[in-house]
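1. model the structure of this input:
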Amino acid sequence: MEVHSSNEVPASHLLQGASVEPGVRPALANSVTVREPQEYLFQAITRRVSSKLGACELTYRSRENIDVVKAAVQLERYCELLRKWDVNLSTIPTSDSYPDCCFVQDTAVILDEICVIASMGAIARRGEVFEVERLVSPLRRIRRIVPPATLDGGDVVQIGRRLFVGLSTRTNARGIAALERIVEPLGYTVVPVSVNGGLHLTTGCGIINDETVLLNPRWLDASAFRGLRQLHVSEEEPWAANTIRVEDSVCVEEKAPRTIDLVQPYVSTVETLDISEFRKAEGSLSCLSLIFRDIHRTDTNERAMGRVGNAKVD
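-> Numbers count the residues shown, from 1 in each chain. Next up is the predicted model:
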């Protein structure tokens, strides 16, 4: 639900550096957009599409022509879904210095207590973290992972107090150990997961509900998720395991009918989105946002309302 109002918004309600607009600007515009705050339980950060997206980092896919205008439209529809889910959305301006900058999930891991700034595995992408840190620092205590440790946020999936972390081409063992040192004192357990196919752990893993994961077991070690209900995507839809989730609503990729049928019995609402242009850049649904609980405006009595992004926060 999108809220329009002419009332002035108190500065204390805004993410630092963000502006308020009554509507939504095109996804390539160089501006930060934040809706007037209500009693939102969740916030999300997205970043506009770079005109240089075609020069993105690639690991597994061959380079294809990317229609940047179409990608911008797809991102806007993605943002519309977050607003429909009543998420308070902030959008960072694009930067042509960083072709991959729309894949904002990789820049950080945001928990209730802290925000861990990533040490991204692709050296050319490391400057992407600064704008995200600027927005999140008023809301969370900042911790950092630094080289030679590497960790991409796209390699982290949170389920309760467990953080499943992919050992991938972008996240190394030092990065996993560094994250563990940061979060263990806060009561989190880190579970390493070998990734042998997709770019990140989230490429082959999405959360459906508090007990259920959607996996591509051909791209990761599914045994790490024992104790959870596992739904395995078909070989015909290998890219469909990634999701975004807020509360009991889940979004999967549009062109994955088998996966949609697989997920449907376990959620109240299944949405679909076309992210075909981002797929060419090895992107997935969750890559395009950082979704986190708004602990500053969540009533302390609503402790059960912990489901956020692609996981649950207790």
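
2. okay, now the unreliable bits of this structure?
-> Low-confidence segments of the chain, defined by pLDDT under 70, span residues 1-39, 296-314.

3. repeat that with 50
-> 1-29, 35, 37, 298-314 (pLDDT under 50).

4. for this protein, what spans make up the helices?
-> For the chain, applying DSSP state H gives helices covering 68-84, 129-136, 173-183, 257-263, 276-279.

5. make JSON lines out of those helices and add distance to residue 197.
-> Glycine gets a C-beta too; all of them are placed from N, C-alpha and C. Shown next, in JSON lines, are the helices of the chain (distance: least, CB to CB, whole Å):
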{"stretch": "helix 68-84", "distance to residue 197": "24"}
{"stretch": "helix 129-136", "distance to residue 197": "26"}
{"stretch": "helix 173-183", "distance to residue 197": "18"}
{"stretch": "helix 257-263", "distance to residue 197": "16"}
{"stretch": "helix 276-279", "distance to residue 197": "15"}
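
6. out of those, which comes closest to residue 239?
-> Proximity to residue 239 (CB to CB) singles out helix 276-279 among these, at 6.4 Å.

7. so how far is the closest one from its chain's centroid?
-> Taking the mean C-alpha point of helix 276-279 and that of its whole chain, the gap between them comes to 15 Å (CA atoms, centre = their mean, to the nearest Å).

8. how about stretch 255-265?
-> The chain centroid and the centroid of stretch 255-265 are separated by 21 Å, computed with CA atoms, centre = their mean.

9. same check on stretch 206-214?
-> Shown here is stretch 206-214, whose average C-alpha point lies 15 Å from the average C-alpha point of the whole chain (CA atoms, centre = their mean).

10. ok, stretch 158-178 next?
-> For stretch 158-178, the distance to the chain centre is 15 Å (CA atoms, centre = their mean).

11. how about it: buried residues?
-> 158-159, 162-172, 174-178 (16 or more other CB atoms under 10 Å).

12. for stretch 71-91, list every residue counted as buried.
-> In stretch 71-91, residues buried by neighbour count (16+ other CB under 10 Å) are 71-76, 78-79, 81-83, 85-91.

13. and stretch 197-208, by the same measure?
-> Buried positions in stretch 197-208, judged by neighbour count with 16+ other CB under 10 Å: 198, 199, 200, 201, 202, 203, 204, 205, 206, 207, 208.

14. so the fourth one is in contact with residue 158, correct?
-> This means residue 201. No: judged on CB atoms under 8 Å, residue 201 makes no contact with residue 158 at a distance of 11.2 Å.

15. can you check which of the helices of the chain gets nearest to residue 56?
-> Counting by CB to CB, and looking across all of the helices of the chain, nearest comes helix 276-279 at 9.3 Å.

16. can you pull the buried residues of the closest one?
-> Buried positions in helix 276-279, judged by neighbour count with 16+ other CB under 10 Å: 277, 278, 279.

17. just stretch 104-112 next, same as before
-> Counting neighbours by 16+ other CB under 10 Å, one finds that the buried residues in stretch 104-112 are 104, 105, 106, 107, 108, 109, 110, 111.

18. with respect to residue 247, which of these is nearest?
-> Closest to residue 247 out of the buried residues of stretch 104-112 is residue 110 (17.1 Å), distances taken as CB to CB.

19. surely the closest one and residue 136 touch.
-> Yes: contact criterion CB under 8 Å: residue 110 and residue 136 qualify, at 6.5 Å.

20. so how far is residue 100 from residue 58?
-> Residue 58 sits at a distance of 10 Å from residue 100 (criterion: CB to CB, to the nearest Å).

21. ok, the two, which is more surrounded?
-> More crowded of residue 58 and residue 100, by other CB atoms under 10 Å: residue 100, with 24 against 14.

22. give me every residue that touches the closest residue to the more buried one other than its chain neighbours.
-> For residue 100, the nearest residue in space outside its immediate sequence neighbours is residue 56; the separation is 4.9 Å by CB to CB, 6 or more residues apart in numbering. Under the criterion of CB atoms under 8 Å, 6 or more residues apart in numbering, the neighbours of residue 56 are 66, 99, 100, 281, 282.

23. how about TSV for those residues, with distance to residue 51 added?
-> Rendered in TSV, the data for the contacts of residue 56 read as follows (distance: CB to CB, whole Å):
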residue	distance to residue 51
66	10
99	9
100	13
281	13
282	18
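
24. closest one of the residues you listed to residue 50?
-> Within the set of those, residue 99 lies nearest residue 50; the separation is 5.1 Å, counting by CB to CB.

25. correct me, but the closest one touches residue 47?
-> No: using CB under 8 Å, residue 99 is not in contact with residue 47; the gap is 11.7 Å.

26. now do the strands in the stretch 201-314 of the chain.
-> Assigned by DSSP state E, counting those that start in this stretch, the strands in the stretch 201-314 of the chain fall at 205-209, 212-215, 229-232, 244-246, 249-253, 269-273, 290-293, 307-308, 311-312.
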